[in-house]
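Q: Fold the following.
(4 chains)
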2 protein chains.
Amino acid sequence: MPAATFRSFHSQSHDHRDCVAAALARAESLCRRRGARFTRIRRRVLELIWAGHRPLPAYELLAQLRREKHNATPPTIYRALDFLLAHRLAHKIESLNAYIGCTRPQHDHAGQFLICDGCRQVAELHDPELQRMLERKASRAGLKAARQTIEIRGRCKGCRP
Amino acid sequence: MPAATFRSFHSQSHDHRDCVAAALARAESLCRRRGARFTRIRRRVLELIWAGHRPLPAYELLAQLRREKHNATPPTIYRALDFLLAHRLAHKIESLNAYIGCTRPQHDHAGQFLICDGCRQVAELHDPELQRMLERKASRAGLKAARQTIEIRGRCKGCRP
DNA sequence: AAAGCGATGTTATACTATAACATTACTTTT
DNA sequence: AAAAGTAATGTTATAGTATAACATCGCTTT
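A: Numbering: from 1, shown residues only, chains lettered A, B, ... in the order given. Have a look, this model is predicted:
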C-alpha cells in the first residue's frame, strides 16, 4: 500500500529563500534534461511564484515583473506561465485564478490542492490512491480521464477559531 | 456501503425538453419550500442553462437572454447565477468558467464532475465515498474541508477513436 | 551568409466578473 | 389602503483574466 505523500502547511517562520532556491535548482536541472530553454523571463517568473509562497494571480506577477522589466505585458507573463505549466513546474489553481509552484515537478501527476481560505496557503498532495480512485470512478461512468482538477478549500489548523 | 450515484453521459437522441421541464419543476418546488423567490429572470437563466445541456459561459447566457430582454447586462446574469449557485440549482465548472444545471439540487453535496473534452458533455457524480475520502485526506494534512472542486477532464466512450 | 525556428516585443481586443448607486416591486406593518 | 422596509433589478462604470496577431530578435543549423 503506497503511502500518501504531501507537504504540510508551513509554519510562519520557515525560510522561504531556501524553498525558492531549491525549486529553481530543480527546475534548472529538469529543463536541462528535457532540452527545454529555461530563459531569464521564465526563470524569474518561477522565482516570483515561489517567493510569493501562495497562489499568485497573473497580473500580480506582471506587476512585480514590471518593476525590473518595464516593457513586460500580459503576454510576457502568460507565455512564461504556459511554459511553466507545460513542464509542470507550476500549477494553476482554477478556483482562485492563481498560480503556484509545483513541489514535485519530476512526477507526471495530477495536482491535488488543499487551500486554506484564512492564510491562503496551499498544500499540494500527490496521492496515487486518490488519483486512481478518481480514474476508476470516471472510467465506470464511461470517461477516460486525462486531467484532474482537485481543489479542497477550507481552514488550516492555525486559521480555525 | 452506499452506492455511488451518477448520471451517465447522454445519448445524442434523448429529449432535452423533458430534462429542462423536470429541472425547472424541481427548482420551483425547492424554492417554494425554502421561501426563496424564483423570479422570472432566475427561472429563465436556469432554463437557458439546462437547455444548453452543456456548461455555458456567463456571456453566452447573457447573449441568449438579451434576445428577449434587451436591457440585460452582465450584473443581470451574474446575480441570477449567484442565486442559482447559492441554492445549488447550478454549479460552476471552474476549469471551464462555465455553468451547468445541478442534477440533485435537494442534496447538500460537493459537485464532482466528469467532463468530456470531445462533446463537452458533463456527468455529475454524487459520490459520498469520494467526498469522505477527500475530507479525510484533507483532515490528515490539517485542513478542515469546506468546499471541494472536483473536475475530471477526459473523453467519453463516444468521443474516443 | 542564409535559412529556420523558438522566444520575445508590441498593440489590440476578447472574455470574465464586480462595484456602486438608482429605481422598482414585493412584503410587512400600521 | 398607506407607509415603511427589504429584496430584486436597472444602469453605468470599471476591475480582472487571457489571447490573437503580427513584428522583431537571437540563437542554431546548414
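
Q: Show me what the strand ranked longest in chain A is packed against.
A: Counting by DSSP state E, the longest strand found in chain A is strand A:143-156. Counting contacts by 3 or more Cβ pairs under 8 Å, 6 or more residues apart in numbering or on different chains; DSSP states H and E, strand A:143-156 is packed against strand A:112-116, helix A:128-140, strand B:112-116, helix B:128-140, strand B:143-156. Placement of C-beta: from N, CA and C, glycine included.

Q: In CSV, list those along with mean pLDDT.
A: Compiled in CSV, the helices and strands packed on strand A:143-156 are given as follows (pLDDT from 0 to 100):
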stretch, mean pLDDT
strand A:112-116, 96
helix A:128-140, 94
strand B:112-116, 96
helix B:128-140, 94
strand B:143-156, 96
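
Q: Make a markdown table out of these and add mean neighbour count.
A: Shown next, in a markdown table, are the helices and strands packed on strand A:143-156 (neighbours: other Cβ atoms under 10 Å in any protein chain shown):
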| stretch | mean neighbour count |
| --- | --- |
| strand A:112-116 | 26 |
| helix A:128-140 | 17 |
| strand B:112-116 | 25 |
| helix B:128-140 | 17 |
| strand B:143-156 | 20 |
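
Q: DNA strand C: which of these is closest?
A: If you check each of the helices and strands packed on strand A:143-156 against DNA strand C by Cβ to the nearest atom of the strand, strand B:143-156 wins as the nearest, at 12.7 Å.

Q: what's the angle from that closest one to strand A:112-116?
A: Between strand B:143-156 and strand A:112-116, the angle comes out at 150 degrees (axes from the mean of the first three to the mean of the last three Cα atoms, to 10 degrees).

Q: can you pull the contacts of A:Glu124?
A: A:Glu124 is in contact with A:6-7, A:91, A:100, A:102-104, A:111-114, counting by Cβ atoms under 8 Å, 6 or more residues apart in numbering or on different chains.

Q: where does it land in three-state SS?
A: strand (DSSP: H, G, I helix; E, B strand; the rest coil).

Q: Tell me how far the closest residue to it other than its chain neighbours lies from A:Ala51.
A: Leaving out its chain neighbours, the residue that sits closest to A:Glu124 by Cβ to Cβ, 6 or more residues apart in numbering or on different chains is A:Thr103, at 5.0 Å. From A:Thr103 across to A:Ala51, the span is 15 Å (Cβ to Cβ, to the nearest Å).

Q: more neighbours, the two?
A: A:Thr103 (20 against 15; other Cβ atoms under 10 Å in any protein chain shown).

Q: B:Leu61 is nearest to which of the helices and strands packed on strand A:143-156?
A: strand B:112-116 (18.3 Å; Cβ to Cβ).

Q: can you tell if the closest one touches chain A?
A: Yes: using Cβ under 8 Å from any Cβ of the partner chain, strand B:112-116 reaches chain A at B:114-116.

Q: Can you list the neighbours in contact with that strand?
A: A:138, A:141, A:143, B:6, B:9, B:55, B:91, B:93, B:95-96, B:100, B:121-127, B:130-131, B:148, B:150-156, B:159.

Q: again with stretch A:81-99
A: Taking Cβ under 8 Å, 6+ apart as the rule, stretch A:81-99 contacts A:27, A:30-31, A:34, A:36, A:42, A:45-46, A:49, A:55-58, A:61, A:100-102, A:105, A:107-109, A:111, A:113, A:115, A:122, A:124, A:149, A:151, A:153, B:94-95, B:149, B:151.

Q: care to break chain A down by domain?
A: Using automatic domain parsing, the domain parsing of chain A gives A:15-105, A:109-161.

Q: for the first one, what is the average pLDDT?
A: This points to domain A:15-105. Across domain A:15-105, pLDDT averages out at 95.
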